[in-house]
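Engineer: Sequence first, then the predicted structure:
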Amino acid sequence: MVHVKSVELTNFKSFSGTSRVPLLEGFTVISGPNGSGKSNLLDSLLFCLGLASSKGMRADRLPDLVNTNQSGKPRSAVEMSVTVTFDLSDYVTSSLDKSPKISTVEEAENNPNLVRIAGEIDNSKETKNEKIRSEKIQVQKDGEWSVTRRLRVNPQGTYTSNYYINGISSTLTELHQDLADLHIYPEGYNIVLQGDVTSIISMNANERREIIDELAGVAAFDRKINQARKTLEDVKDKEDNCRIIERELTIQCDCLFQDKIKAEKYQRLRLEFLEKQKWESVLSWRSLKTHQDRLFTQIQVCDCNYDKLTLQLTNLNTKIAHESRELEKLNINVKALGEEKLLVTQSTLANQEAERKQLQCQQSEIEAVSQDITHKLQQTQEEIIQNQQSLEQFTERLTQQIVIIAAKKMNGK
């Protein structure tokens with residue numbers, strides 16, 4: 001049977017310094033006058049085992065548990081500790097010799113809804129924290145298992161509380177879990193305080209049944225069952241949430257699939273549009289090329305006409321100069337001739353003057369035609385330059401569209 005082997009107190013309430021109280025196996029009676037510290041010994045057990053409230057230890061605050069002689073000294077900090085040593089030599093089937101497990105796993109083996117959770121926990125590797133915990137809960141060679149709690153009070157009134165299992169730092173949760181494996185509960189009836197006997201006598205049958213279940217360990221299994229049921233409800237809630245999320249994701253997937261079809265159709269139509277736009281650019285380029293060739297032909301014809309008209313104008317100018325010289329000679333001859341020949345000469349001169357005017361009119365017409373041809377030639381050259389620029393722009397756009405279509409095809413592959 002598990003029993004407390006000894007209690008060691010340091011600066012706890014009325015125990016100044018360090019005091020060790022051995023407790024024998026079986027039945028141990030501690031007697032003494034009032035105020036000698038009998039109840040303080042039970043308070044030290046509750047303090048060490050991690051009682052939730054300090055009022056159960058007859059103290060308003062944990063620093064009130066420190067020995068008054070120590071708390072009154074001018075020190076930087078005052079430390080108080082209690083160590084409880086258990087004798088586990090005959091506790092062969094103790095779960096402390098095994099690695100810790102979550103209580104809900106045992107119920108999950110009999111519950112199909114929790115088999116998956118239990119399998120995941122059983123198949124998980126032992127972590128570093130689990131190894132440290134295994135060292136904490138190992139029984140010592142002499143069958144002892146000790147729990148220590150230290151309280152350090154600072155001059156400002158603040159304090160820190162630490163737990164140790166077999167000398168290794170531990171948490172309150174780990175301590176309560178190990179004590180529960182030994183069926184020891186700080187809040188239970190392993191320790192009967194002053195007034196508890198009267199309270200038990202005045203209880204009804206159901207309340208006494210709860211005390212018996214607590215002492216027999218049945219209440220622990222009830223708590224585990226309730227915890228497993230709560231875990232099962234949480235799992236069902238999560239399962240319902242997962243179903244809701246699954247439905248929402250299915251709807252989103254359908255919407256995304258429709259968007260995918262639209263996007264693929266858009267890509268296909270865009271490629272067709274780019275292909276047709278490319279052919280449109282090619283046709284425009286061919287049309288501009290044909291128009292350019294036609295303009296080049298017109299320029300060549302205009303150049304030939306310009307050369308011919310320039311030659312005719314040169315011949316007319318030469319002929320006019322020749323006729324002017326002839327006219328001057330005739331005027332000289334007229335002066336030398338008489339009046340008879342003057343009329344004949346004037347008539348001839350009039351005819352020649354008329355021919356000269358006619359030639360001048362022809363010259364003016366030829367110059368006007370030449371200027372018109374020159375103006376048309378300039379306009380044609382300007383159109384050629386504009387067409388060349390447009391042709392270069394269409395060529396650049398055609399090249400860019402060919403590059404874009406080639407890149408789209410590569411991405412589509």
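Structural biologist: Yes, it's here. Because the structure is predicted, anything quoted here is derived from the model rather than measured.
Engineer: right, and the helix or strand after the helix or strand hosting residue 243?
Structural biologist: Element membership of residue 243 [criterion: DSSP states H and E] is helix 218-336. Going down the chain from helix 218-336, the next helix or strand is helix 339-412, by DSSP H and E.
Engineer: re the thing from before, the helix holding residue 243 packs against which elements?
Structural biologist: Under the contact definition 3 or more Cβ pairs under 8 Å, 6 or more residues apart in numbering; DSSP states H and E, helix 218-336 sits against helix 103-108, helix 205-216, helix 339-412. Placement of C-beta: from N, CA and C, glycine included.
Engineer: Reformat those helices into TSV and put mean pLDDT, mean neighbour count and distance to residue 315 next to each item.
Structural biologist: What follows is the helices and strands packed on helix 218-336, written out as TSV (pLDDT from 0 to 100; neighbours: other Cβ atoms under 10 Å; distance: least, Cβ to Cβ, whole Å):
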stretch	mean pLDDT	mean neighbour count	distance to residue 315
helix 103-108	38	19	123
helix 205-216	75	12	142
helix 339-412	82	12	10
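Engineer: Distance to residue 175 for these - can I get that in TSV?
Structural biologist: Below are the helices and strands packed on helix 218-336 laid out as TSV (distance: least, Cβ to Cβ, whole Å):
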stretch	distance to residue 175
helix 103-108	16
helix 205-216	18
helix 339-412	64
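Engineer: nearest to residue 14, of these?
Structural biologist: Residue 14 sits nearest to helix 205-216 of all these, at 30.0 Å, using Cβ to Cβ.
Engineer: quick one: the most centrally placed residue in the chain and residue 332, what's the gap?
Structural biologist: Centroid-nearest residue in the chain, with Cα atoms, centre = their mean: residue 249, separated by 18.9 Å. As for residue 249, its distance to residue 332 is 120 Å (criterion: Cβ to Cβ, to the nearest Å).
Engineer: mind checking how far the residue nearest to the centre of the chain is from residue 242?
Structural biologist: 10 Å.
Engineer: still on that earlier bit, indicate which one of the helices and strands packed on helix 218-336 is closest to residue 167.
Structural biologist: Using Cβ to Cβ, the nearest of the helices and strands packed on helix 218-336 to residue 167 is helix 103-108, at 26.5 Å.
Engineer: Cross-check the contact I'm expecting between residue 19 and residue 8.
Structural biologist: Yes. Between residue 19 and residue 8 there is a contact under Cβ atoms under 8 Å: 7.3 Å.
Engineer: For these two, indicate the residue with more neighbours.
Structural biologist: Set side by side, residue 19 and residue 8 show more neighbours around residue 8, with 20 against 16, by other Cβ atoms under 10 Å.
Engineer: So what touches the helix or strand containing the more buried one?
Structural biologist: Following DSSP H and E, one finds residue 8 within strand 3-12. Applying Cβ atoms under 8 Å, 6 or more residues apart in numbering, the external contacts of strand 3-12 come out as 15, 17-23, 25, 40-41, 43-45, 47-48, 65-67, 70, 78-87, 144.
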